[in-house]
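> Take a look and give me a structure for this.
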Amino acid sequence: MKSVDQSIHKHLSSQPNQLTKFLSEEFRSSDIAVIEELLPHDLKDALHHEANDLLEASARRRDLVLESTGGTPRAYASVDRNTISKDGNIIKTVFESDAVRQYLSIIAGERLHKVPYQAEEYIINSQEKSGDTHGWHWDDYTFALIWIVQAPDYLDGGRVEYVAATDWDKKNPRKGLCDVLANREVRSRHIDSGCCYLMRANTTLHRVAPLMGDTRRTVIVFTYASEADLTDPNISHETMEQIYAAELQAA
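Just a heads-up that it's a prediction; the model follows:
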């Protein structure tokens, strides 16, 4: 772990200050920032290989509709946090990296913490069939870092669609979702393989648009907490508890 963190720290220390400033300004203006060089290339390759190996060995299919996010669908294959921790190494090590968290804190303009809910630390998702989607939702915790292991072609769906500065109305999620989509502009971005993006995910309504055709979109999702999240009594985990019910029950 120490040698990996030192390698990441050396790599990030070599990044131009102007680039870091640009990413910080991008995040401040839109609550999302796309990062191309967060890891050294050899470590990034190892991260992606591990994700694909774990998917092949341990993925479970998820096909659900979640009322907690307004009746939106989840349709993809996924590997849960405990399986990744048990059978993997690189993903867990990068998530634990102080150097990564410190750099992301500079971009975000506030300190990022490890989440206090273990099941949300890291997961792997892969949309792999036409129509697969990660439907409209908000996250429980403030920050999500999404690594694009494999992106579909520009014309094959899988774009990130989002509306920043919104609220998750947990008492009436369907109405809250419809109000946002009816009255706010939805932004859309294609993010290439090998990149990652940081998102303020608890106040940014977002989804991954359905795939079109025979293609694939594979990601690793890291979740981080803000300082305020650590003592927020309103944070709940109903979406995770439904999506990963079998794994959480077994644990």
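> For the stretch 51-200 of the chain, just list every one of the helices.
81-87, 90-96, 98-108, 173-183 (DSSP state H, counting those that start in this stretch).
> Give me the contacts around the second one.
Under the contact criterion Cβ atoms under 8 Å, 6 or more residues apart in numbering, helix 90-96 has outside partners 1, 4, 8, 39, 43, 46-47, 50-51, 54, 84-85, 100, 114, 121-122, 124, 220, 222. (Glycine included, C-beta is placed from N, CA and C.)
> Surely residue 35 and residue 198 touch.
Yes: with contacts counted by Cβ atoms under 8 Å, residue 35 reaches residue 198, the gap being 6.7 Å.
> who's more crowded, these two?
Shown here are residue 35 and residue 198; by other Cβ atoms under 10 Å, residue 198 has more neighbours (25 against 22).
> The closest residue to residue 117 other than its chain neighbours and residue 143, how far apart?
Nearest in space to residue 117, with sequence neighbours left out and distances taken as Cβ to Cβ, 6 or more residues apart in numbering, is residue 237 at 6.0 Å. Separation of residue 237 from residue 143 (Cβ to Cβ, to the nearest Å) stands at 16 Å.
> now do residue 207
18 Å.
> Between the two, which has more neighbouring residues?
Just comparing residue 207 and residue 143: by other Cβ under 10 Å the higher neighbour count belongs to residue 143, 26 against 19.
> Contacts only, for that one.
By Cβ under 8 Å, 6+ apart, the contact list for residue 143 reads 104, 108, 112, 198, 199, 200, 201, 223, 224, 225, 226.
> of all the residues you listed, which comes closest to residue 250?
Residue 250 has its nearest neighbour among those in residue 223, at 20.7 Å by Cβ to Cβ.
> Can you tell me the closest non-neighbouring residue to that closest one?
Per Cβ to Cβ, 6+ apart, closest to residue 223 is residue 120, 4.5 Å.
> how far away is the one you found from residue 201?
Separation of residue 120 from residue 201 (Cβ to Cβ): 11 Å.
> got any residues that touch both of the two?
Residues touching both residue 120 and residue 201 by Cβ under 8 Å, 6+ apart: 141, 223.
> ok, now how distant is residue 22 from residue 184?
25 Å.
> swap that for residue 20, please
Taking Cβ to Cβ, one finds residue 20 at 29 Å from residue 184.
> What is the neighbour count of residue 61?
11.
> which residues touch it?
For residue 61, the contact set (Cβ under 8 Å, 6+ apart) comprises 76, 77.
> That one pairs with what?
Beta-bridge pairing for residue 61 (DSSP bridges): residue 77.
> Residue 196 too?
Listed beta-bridge partners, residue 196: residue 35, residue 147 (assigned using DSSP bridges).
> Count the residues that sit near it.
Neighbours of residue 196 (other Cβ under 10 Å): 24.
> what pLDDT does it get?
At residue 196, the model reports a pLDDT of 98.
> what's the answer for residue 178, then?
At residue 178, the predicted lDDT confidence score is 98.
> Return the backbone torsion pair for the residue lying closest to it once chain neighbours are set aside.
Leaving aside its sequence neighbours, residue 178 sits nearest to residue 70 (Cβ to Cβ, 6+ apart; 7.3 Å). When read as degrees, to the nearest 10, the backbone of residue 70 gives phi 90, psi 20.
> Count the neighbours of residue 70 for me.
Neighbours of residue 70 under the rule other Cβ under 10 Å: 23.
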